Each structure stands twice: as structure tokens, then as C-alpha cells.
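**Q** 3D, please:
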Amino acid sequence: MSTIKTFRVSNLRTGHSAGELGRLIVPLLLIVALAAAMSLHGYWSFKAATLLVFAIAVRSMQLLVGASGQVSLGHGAFFAIGAYTAGVMAMNGWAPGLATVPAAALVAGIAGFMFGLPAVRLAGPYLALASFALALALPQLLKHPAFESWTGGVSGLSLDPPVSPLAFLSSDQWILLLAACWCALLFKGVDRLLKGPCGLAWMSLRDHPAAATATGVDVAKWKAVAFAVSSGIAGAAGALSTAISSFASPDSFNIFLSLSLLVGVALAGPRYAAGSFAAAAFLVFVPDLAEKISREWTGVIYGIAMLGSVYVVPMLRRLRMRAAIDRRNDSAAPRH
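**A** As a prediction, this is how the structure comes out:
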């Protein structure tokens, strides 16, 4: 009976409606972004682009947690590596801001693989603590005088804002449009990856590591690859963040960023691509709302909202799933 129930729940999670929604995300995103780019200006255009950045970062955590079963408390560090890679390249004139995304993703992915290969041999909370230490150490490393000529030290990097090549779009609208294109491309890539051999391998290693090891599969290497791909996507989000804000500072990538991304996965669910946008909206807009309520209690209000959401959203998801199971059972029951 438990096997049948597990199958039904799994089938509901990846059922027809979820699949249809997943296939529609990229075209819907491009349509909405094009409409937003034509209508939004200034602050709201910046906020919309920031939402897309956080959606990419949350999606990277979904790949790590949902596909490979690993938990990272330090993905903000790879976000920072991508941001600073983009900043250094733009400062030296090696590439314009938004064109630095592939290079930033590659550098962050390599860093993720180098960190992940030894670290994934740790299990559960030990891996989380190792990544937590990385997130604590990297901002201090970016401030170190030995790297100040590259990172700008405590002051960070200030860049010239990108200029729109289209006369009918402002620079903010142009950035939003390009951010949406990168977001759609990355989401499509993650979707294809998860549905291909790599995704199947990661899920089998997540669910049956002992069986995979017995058949000769290098579990540590494949988990390190998952960590690297997830880190690369987080690095791409960091590069987009630098291009959008034209600024990168060590204090922008503190441990709170890493914890926020993990909370984003709890809000979005480990597998639902559409949920990453809802989680990103929470991470982008709720802090502003908390500040409007009370400047003195901003952190407390945001923390309470975050903790409450972490408990409430999964509970609502379970209730909705249980209701769906009941409806299916009622429809399958014989009628007299």
C-alpha cells in the first residue's frame, strides 16, 4: 500500500499539469519580459530584473537539492564569484556587462567542482557546514589587500551602466530584456539537463547511492559534477546581478544571501521551476515591505515572515497534494 501511495504522490508531483507548466515557462517568461521591458521604467524595471536574477539563483539550488540530494549553505559564495568575474572583466574592458555571463558561469562552475569534489564525500550536515564556512570566508578574502587591485577591496567594484543600443528602450529596460533572455536560456538548459542522462544519474545517486556504488558508479564524482553545474548557474546569476546594479561589494554576498537561497528552495519546492519565481518575488519584495512597516524592526519582520513561510508553504503544498489524491481516488472509485 505504501508503494502505491508513493507512486501516486510522485506521479502527482511530475504529472500532466506540472509538465505543461514547465514547458510553458520559457515562452511565457519571454512574452512577459518583453511586455515589461516596454512598460516598466526605473525602479520597477530594476526590481523585475533583480527578481529574474534571484529566480536563477533559486533554480540553481533546486538542481542541487532536488536532483542530487545535497544541501549547501554557501551558494552565495559562488554567486559572488560570478559577480566578481563579471565585474573584473567589465572593468578591464574584456567584455560588456551582460556578455560576461558565460565566463562567470564557467569560473564559478570550476570553483564549485574544485570545492565539491572533496566536500561531497561529506554527508548531510557536514557538507552544509563546509559550504557554510566557504560563505563566511569568501567576503573576507575579497577584502584582503592582496586582491584589492582586482576586487576593489572593501569599496568593491563600480562599473559604468550599460547603454541600450535600441532608441525605444532605456538602459533599464534593455537590461531587463537581456536578463529575461538569459533567464529563459538557463531555465531551458536546466530543464533539458534534468530530463537527460545527467538528471537521471543524479536522481538515482540521490535515491539509491549504495546500489549505484555497487554497480561501479563514482558517486563522489557525479555529485561533484552536480555541485559544479549548480555553482555555475549561481555564478551566472551573480554576473547578471553585477550587470544590473553596476556594482559588486563583498558585503553584498554575506551569509544571509546563502541562507536566503536555501529558504527560496523551501518556498519553491525542490523540483518546481515555476516555484522559483514565486520564491524570488518573496526574496526581492518582502524585505522592502518589512522596511516600510518599520525601519527599526526590518530584520525581525523579515525573519518572522521567512520562518513563517518556510513552515506554512510546505504545509499548504502537502494539503493541496492530499486533496489531489482524494479527488483522484474519488474519480477512480466504482460508481453504482
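**Q** burial count for residue 71?
**A** Residues lying near residue 71 (other Cβ atoms under 10 Å) number 15. The way it works is simple: take the backbone N, C-alpha and C, and place the C-beta from them, glycine included.
**Q** wait, isn't residue 287 in contact with residue 300?
**A** No. In this structure, residue 287 is not within contact of residue 300 by Cβ atoms under 8 Å, at 11.9 Å.
**Q** And the helices in the stretch 101-250 of the chain?
**A** All helices of the stretch 101-250 of the chain, identified by DSSP state H, counting those that start in this stretch, fall at 101-119, 125-143, 148-151, 171-195, 197-207, 209-214, 219-245.
**Q** average pLDDT across whichever strand or helix holds residue 265?
**A** Taking DSSP states H and E as the criterion, residue 265 maps to helix 255-268. Helix 255-268 shows a mean pLDDT of 88.
**Q** and the gap between the closest residue to residue 209 other than its chain neighbours and residue 109?
**A** Counting by Cβ to Cβ, 6 or more residues apart in numbering, residue 219 is the residue found nearest to residue 209 once chain neighbours are left out, at 5.4 Å. From residue 219 over to residue 109 the distance is 20 Å, taken as Cβ to Cβ, to the nearest Å.
**Q** Of residue 287 and residue 300, give the one with the bigger neighbour count.
**A** residue 287 (17 against 11).
**Q** Just the CA trace of whatever helix or strand that one lives in, in CSV.
**A** Assessed by DSSP H and E, residue 287 sits inside helix 273-293. Extracted C-alpha coordinates of helix 273-293, given in CSV (Å, rounded to 0.1, in the frame of the first residue of the first chain):
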residue,chain,number,x,y,z
ALA,A,273,10.7,25.5,-11.9
ALA,A,274,7.7,27.9,-11.6
GLY,A,275,8.1,28.0,-7.9
SER,A,276,11.5,29.6,-8.2
PHE,A,277,9.8,32.8,-9.5
ALA,A,278,7.4,32.9,-6.5
ALA,A,279,10.3,32.4,-4.1
ALA,A,280,12.3,35.1,-5.9
ALA,A,281,9.4,37.5,-5.6
PHE,A,282,9.4,36.8,-1.8
LEU,A,283,13.1,37.4,-1.5
VAL,A,284,13.0,40.6,-3.5
PHE,A,285,9.9,42.3,-2.3
VAL,A,286,9.3,41.2,1.3
PRO,A,287,12.4,43.0,2.7
ASP,A,288,11.1,46.3,1.1
LEU,A,289,7.7,45.7,2.6
ALA,A,290,9.2,44.9,6.0
GLU,A,291,11.2,48.2,5.8
LYS,A,292,8.1,50.2,5.0
ILE,A,293,6.3,48.7,8.1
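**Q** Beyond that helix, next helix or strand please.
**A** Sequence-wise, the next helix or strand downstream of helix 273-293 (DSSP H and E) is helix 298-332.
**Q** Report the buried residues of that next one.
**A** For helix 298-332, the neighbour count (16 or more other Cβ atoms under 10 Å) marks 298, 301, 302, 306, 309, 313, 324 as buried.
**Q** which one in these is the model shakiest on?
**A** residue 313 (73).
**Q** can you tell me which residues contact the closest residue to that one other than its chain neighbours?
**A** With Cβ to Cβ, 6+ apart as the criterion, residue 313 has its nearest non-adjacent residue at 5.2 Å, and that residue is residue 267. Taking Cβ atoms under 8 Å, 6 or more residues apart in numbering as the criterion, residue 267 is in contact with 275, 278, 279, 282, 309, 310, 313.
**Q** What of residue 110?
**A** residue 228.
**Q** Make a markdown table out of the contacts of residue 267 and add distance to residue 214.
**A** Below are the contacts of residue 267 laid out as a markdown table (distance: Cβ to Cβ, whole Å):
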| residue | distance to residue 214 |
| --- | --- |
| 275 | 34 |
| 278 | 40 |
| 279 | 37 |
| 282 | 42 |
| 309 | 40 |
| 310 | 36 |
| 313 | 37 |
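**Q** Which pLDDT value goes with residue 101?
**A** Reported pLDDT for residue 101: 92.
**Q** same check, this time on residue 35
**A** Looking at residue 35, its pLDDT stands at 70.
**Q** Just give the number of residues close to it.
**A** Other residues near residue 35 come to 10 when the count uses other Cβ under 10 Å.
**Q** same thing with residue 90?
**A** Count around residue 90 with other Cβ under 10 Å applied: 24.
**Q** Neighbour count: residue 219 and residue 109, which is higher?
**A** residue 109 (25 against 16).
**Q** ok, that one - contacts?
**A** Residue 109 makes contact with 228, 229, 231, 232, 235, according to Cβ under 8 Å, 6+ apart.
**Q** picking that back up, the residue nearest to residue 209: what's it in contact with?
**A** 205, 209, 212, 213.
**Q** Hmm, residue 249 is touching residue 153, no?
**A** No. Checked against Cβ under 8 Å, the pair residue 249 and residue 153 is beyond contact range at 9.8 Å.
**Q** Any chance of JSON lines for the contacts of residue 109, columns neighbour count and distance to residue 82?
**A** Formatted as JSON lines, the entries for the contacts of residue 109 read as follows, by neighbours: other Cβ atoms under 10 Å; distance: Cβ to Cβ, whole Å:
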{"residue": "228", "neighbour count": "21", "distance to residue 82": "13"}
{"residue": "229", "neighbour count": "25", "distance to residue 82": "13"}
{"residue": "231", "neighbour count": "32", "distance to residue 82": "9"}
{"residue": "232", "neighbour count": "26", "distance to residue 82": "8"}
{"residue": "235", "neighbour count": "35", "distance to residue 82": "3"}
